[in-house]
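Q: Generate a structure from the sequence data that follows.
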Amino acid sequence: MGHMNDDTTSQVESNHTIYIAKYKEAAERDHTGEVALMHNGKIIGYFPEGGDAYEHGYKDYGLGNFSIEFVGAEPIDLGFQTLAIL
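A: Below is the predicted model of the structure:
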């Protein structure tokens, strides 16, 4: 089971890194306030709500094989707490 968690973390982290580098600027210009569903480094689609994106990702790809990005959301700075959460 620990292996699945590693896969989940890596999918989320790699998708987030790719989102910031490749998609963030255009997504914020055209899709602010929406939620991007990502799978294997690609944006699959945009959804009005996080729950919609999550449900679609879970149904099509399975838990741990997708991630969601809230377009236009400011990152939350949790400081040292971030390490405890991760």
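Q: now the helices: where do they sit in this structure?
A: Ranges of helices in the chain, per DSSP state H, are 2-18, 24-31, 50-61, 81-85.
Q: What mean pLDDT does the shortest one get?
A: Mean pLDDT, helix 81-85: 49.
Q: do the same with the third one
A: Regarding helix 50-61, the rounded mean pLDDT is 96.
Q: Out of the helices of the chain, which is the most enclosed?
A: With neighbours defined as mean count of other Cβ atoms under 10 Å, these peak in mean count at helix 50-61, which reaches a mean of 15. Every residue, glycine included, has its C-beta placed from N, CA and C.
Q: just to revisit the earlier point, what's the closest of the helices of the chain to residue 38?
A: Closest approach to residue 38 among those (Cβ to Cβ): helix 2-18, 4.1 Å.
Q: on that earlier part again, dump the helices of the chain to CSV, plus distance to residue 69.
A: Shown next, in CSV, are those (distance: least, Cβ to Cβ, whole Å):
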stretch, distance to residue 69
helix 2-18, 7
helix 24-31, 8
helix 50-61, 9
helix 81-85, 17
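Q: Just the pLDDT at the most centrally placed residue in the chain, thanks.
A: Centroid-nearest residue in the chain: residue 68, 2.8 Å away (criterion: Cα atoms, centre = their mean). Per-residue confidence (pLDDT) for residue 68: 95.
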